[in-house]
Each structure stands twice: as C-alpha cells, then as structure tokens.
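S.K.: From the sequence below, what's the structure:
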Amino acid sequence: MHADFAYNRRFEITADRHAGGSWTRRSHPDYTLTFWPEDCSSEAEVEWQELLVHVHFDARYRVEDLEGLFGLEGADDADEEVEGNYRRQNLLKMHA
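M.R.: Below is the predicted model:
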C-alpha cells in the first residue's frame, strides 16, 4: 500500500467525480493522509479509478461527545435537512 502525507493541502470544488477535489465545498484540512494500492503507479491514476482514500485531520473537526458524532441510538435525523440546503457543520463532519 502506498501512503502520502500532506500538510495544508487544498481540495477545490469539482463536479468531475474522477478529478481530485471536493464535491461540496473547498476544503483545506490541516493534515491529509492519502492511501492507494501498491500495484498502482501514480496518485492521479488511482484518483481516476476511485481507489484512493483521503483521511483528513483538522482542528475544526472536533467531537464534543459520541452522541454528537453518531447521534442517539435509533434516532432518525434525516428530517432536519431541507432538500438542497445542507448545514456547513454537517458537510465538515462528512469530510472528516
């Protein structure tokens, strides 16, 4: 497995699912660990094949308690969002 470490790497908004970046908002995490299979030669190649995984670490991604991160057991919070209107805090959690 290949791994890469980046400090303050920027992820720009893109609609192309094969391009590197973010689908929702521009992201600029403090640290990013990137992993891809050993038999692939370049990060761009595995990005196109969707075999790449980014793990972001950022001070803004904080957890106050486990319920705040995962919700209450059996709770369905899907009603909180209006179609097409997502909260920034939820987007940050998703990218975490």
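S.K.: Can you read off the pLDDT for the spatially closest residue to V53 that is not a sequence neighbour?
M.R.: Distances taken as CB to CB, 6 or more residues apart in numbering place F35 nearest to V53, at 4.8 Å, with adjacent residues excluded. All C-beta atoms are positioned from the backbone trio N, CA, C, and that covers glycine. On pLDDT, F35 comes in at 89.
S.K.: Any chance of the backbone angles for F35?
M.R.: Backbone torsions of F35, given as degrees, to the nearest 10, read phi -130, psi 140.
S.K.: same check, this time on E45
M.R.: The phi/psi pair for E45 (degrees, to the nearest 10) is phi -60, psi -50.
S.K.: Please apply the same query to the one 5 residues further on.
M.R.: Here is the backbone geometry of E50 (degrees, to the nearest 10): phi 60, psi 40.
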